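J.: Whatever this is, show me its structure:
(one chain, ligands or ions: 2)
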Amino acid sequence: MRFPRLFRNETRPDAEGPLDVGPQYVMAIDQGTTSTRAIVFDHAGAIVSTGQLEHRQILPRAGWVEHDPHEIWANTRRVVGEALTRADITRLQIAAVGITNQRETTVVWNRHTGEPVYNAIVWQDTRTQHQVDALAADGGVDRFQFKTGLPLATYFSATKIAWILDNVEGARERAEAGDLLFGTTDSWLLWHLTGGTGGGLHATDVTNASRTLLMDLDTLEWDEELLAAFGVPRAMMPEIRSSSELYGTVGGHSLLTGVPIAGILGDQQAATFGQAAFEKGESKNTYGTGNFIIVGTGTERVASKHGLITTVAYRLDGQPPRYALEGSIAVTGSLVQWVRDNLGMIASAAEIEPLAAAVKDNGGAYIVPAFSGLFAPYWRPDARGAVVGLTQFVTKEHLARAVLEATAFQTRDVIQAVEADTGVTVPELRVDGGMTVNSLLMQFQADMLGVDVVRPVIVETTALGAAYAAGLAVGFWSSLDELKGQWREDARWSPMMPRDEAERLYRNWRKAVKRTLDWVDDDVE
Ligand SMILES: Nc1ncnc2c1ncn2[C@@H]1O[C@H](COP(=O)(O)OP(=O)(O)O)[C@@H](O)[C@H]1O
Ligand SMILES: O=P(O)(O)OC[C@H](O)CO
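T.: Ligands and ions are numbered 1, 2, ... in the order given. Model prediction:
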């Protein structure tokens, strides 16, 4: 097999052979909320092979969501093996590994034994609402927004770390003594891959750090005032690095030994990078467990007045950070899973589309999936889910349609906030993620927004973005312009619904959202 240009990876002397048979691939490890994937990409950015394994969603109580960090690490090793086997290649053909991950999800482990002191507390987990309320009582939910770009919410890592330190016996003392480490799942995997208890690297990238409520968006460092406010000892925090640089090489005796780890991005920032949306004003919407809309604001950080988060989009080694506004929606694809697993209305996620297509509209029914309260642009922890507009006429087919429409309505809520914050109309929406195979949803999305919805050939943009970041750092790819040239359109949906009809449906959605507010009186349910 020949590649468009010769590549010699200077960080891999062990891998050097004749110039045209040097490492020809980059691997991305995508540690997501529901599964972990390893994907091998070639130089054209095409997928060569994939390994994927789901992990358990541990739900000990209403509002609590945990993962087993050991299971995630074990699954990572297995999917790496699967991807290499399916591609019929070895580590010597891998130029670099990039890591991307579910953000905010919090792991605290013992640096001497590698043992987590508690399960990972997942981003969707709302157990820390009391701490959030107590902190908000003094200065409001926007108390730390200027420094961090984030509202005070259970979503981000800070109160999750504090909860572990306060609820696991002896954890706070051990953390203060420097025996415990904190990391999002990128750090957990990086530490293991680079040697674990035998000297593993304890680091994260700036995009992940920007989701903790503990990093100053200007200095890009942990902030003493924030650490003190949340009661998090400095000693347990990872080093903050750029998103694309040589962090270290895979240690020990594993399938990837000696391969450089050269890219880390939180999964939504990775998807933006994989969509080649590098510039100010460029955006993407990822439809996965939740939906995450990101629009770049360049080197300028913009403070939202309409319920969006200010976040770091990416930082290349030695360059200034690029910032973004983000609209995070907690429940979209997971509503489809809920209909499958909790209601048994469908046997697979794919079945929702033919079921919804059996009727021409929602029959007047609206579902607002405020399972963890409402995230952007509302930030209402007191909301809970509701089905409204029910009459005897409504069937399960109408409800299936309402499930899909909820994703499109929530996206419109956020796009309106983006336009209000930036003063710029989003001209078309670049989409990716598991739900974008659903044409009925994509068409309804175009109808709801009144603009085209465009899907690229590679919808695994999250993994692709991590691969791009790693490949750039080792010279596998030469520039952002080269990566931009690799973006290819696969499908496009244009608005077909009359505008007045779209507006009528959206008005009903806004009414439905109002019905979900003020539901939780006391946040311990
Ligand atoms: N055909 C489909 N129609 C609607 N939703 C779907 C379809 N296929 C998958 N999904 C939803 O997409 C989500 C999976 O997307 P994915 O991008 O893999 O998510 P994540 O990266 O968050 O784990 C699931 O929540 C699933 O319910
Ligand atoms: O793992 P995903 O794709 O559901 O993404 C989760 C987000 O990073 C949470 O902020």
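
J.: which bits of the chain sit near ligand 1?
T.: Residues of the chain lying close to ligand 1 by C-beta under 6 Å from any ligand atom are 32-35, 288-289, 333-334, 336-337, 349-350, 352-353, 433-435, 437-438. (Each C-beta comes from the backbone N, C-alpha and C, glycine too.)

J.: Show me those that map onto helices.
T.: 333-334, 336-337, 352-353 (DSSP state H).

J.: Spatially, which two of these are the most separated?
T.: For these, the maximum inter-member distance is 16.8 Å, found between S334 and E353 (C-beta to C-beta).

J.: where's V108, which helix or strand?
T.: Secondary structure from DSSP states H and E places V108 in strand 107-110.

J.: mean confidence score for stretch 480-494?
T.: Computed over stretch 480-494, the mean pLDDT rounds to 95.

J.: should've said stretch 35-43
T.: 97.

J.: List the contacts of that stretch.
T.: Stretch 35-43 is contacted by residues 3-5, 7, 24-30, 47-55, 72, 75-76, 79-80, 82-84, 87, 89, 94, 460, 463-464, 467, 471, 476-477 when judged by C-beta atoms under 8 Å, 6 or more residues apart in numbering.

J.: Surely G363 touches F393?
T.: Yes. Contact criterion C-beta atoms under 8 Å: G363 and F393 qualify, at 5.7 Å.

J.: Looking at these two, which has the bigger crowd around it?
T.: G363 (17 against 9; other C-beta atoms under 10 Å).

J.: Tell me who's in contact with the more buried one.
T.: So G363 contacts 391, 393-395, 398, 401 (C-beta under 8 Å, 6+ apart).

J.: Looking at neighbours, which among the residues you listed is most surrounded?
T.: For these, the largest number of neighbours (other C-beta under 10 Å) sits with R401, at 27 neighbours.

J.: The stretch 351-500 of the chain: strands as residue ranges?
T.: 366-368, 386-388, 428-432, 452-456, 489-493 (DSSP state E, counting those that start in this stretch).

J.: can you list the residues of the stretch 301-450 of the chain near ligand 2?
T.: S328.

J.: State which one residue of the stretch 301-450 of the chain is found closest to ligand 2.
T.: Going by C-beta to the nearest ligand atom, ligand 2 is nearest to S328 of the stretch 301-450 of the chain, at 5.9 Å.

J.: between the contacts of G363, which is nearest D138?
T.: Using C-beta to C-beta, the contacts of G363 come closest to D138 at R401, 44.7 Å.

J.: how about the closest residue to Q275 other than its chain neighbours, secondary structure?
T.: Spatial nearest neighbour of Q275, excluding adjacent residues (C-beta to C-beta, 6 or more residues apart in numbering): K284 at 4.4 Å. In the three-state summary, K284 is assigned as strand, counting by DSSP: H, G, I helix; E, B strand; the rest coil.

J.: Isn't K284 up against F278?
T.: No. At 11.1 Å, K284 does not count as touching F278 under the criterion of C-beta under 8 Å.

J.: H306: neighbour count?
T.: Neighbours of H306 under the rule other C-beta under 10 Å: 17.

J.: show me where pLDDT drops low in the chain?
T.: The model of the chain has pLDDT under 70 over residues 1-21, 522-525.

J.: what about the closest residue to S348 other than its chain neighbours, neighbour count?
T.: Nearest non-adjacent residue to S348, counting by C-beta to C-beta, 6+ apart: R340, 6.8 Å away. Look at R340: counted by other C-beta under 10 Å, it has 17 neighbours.
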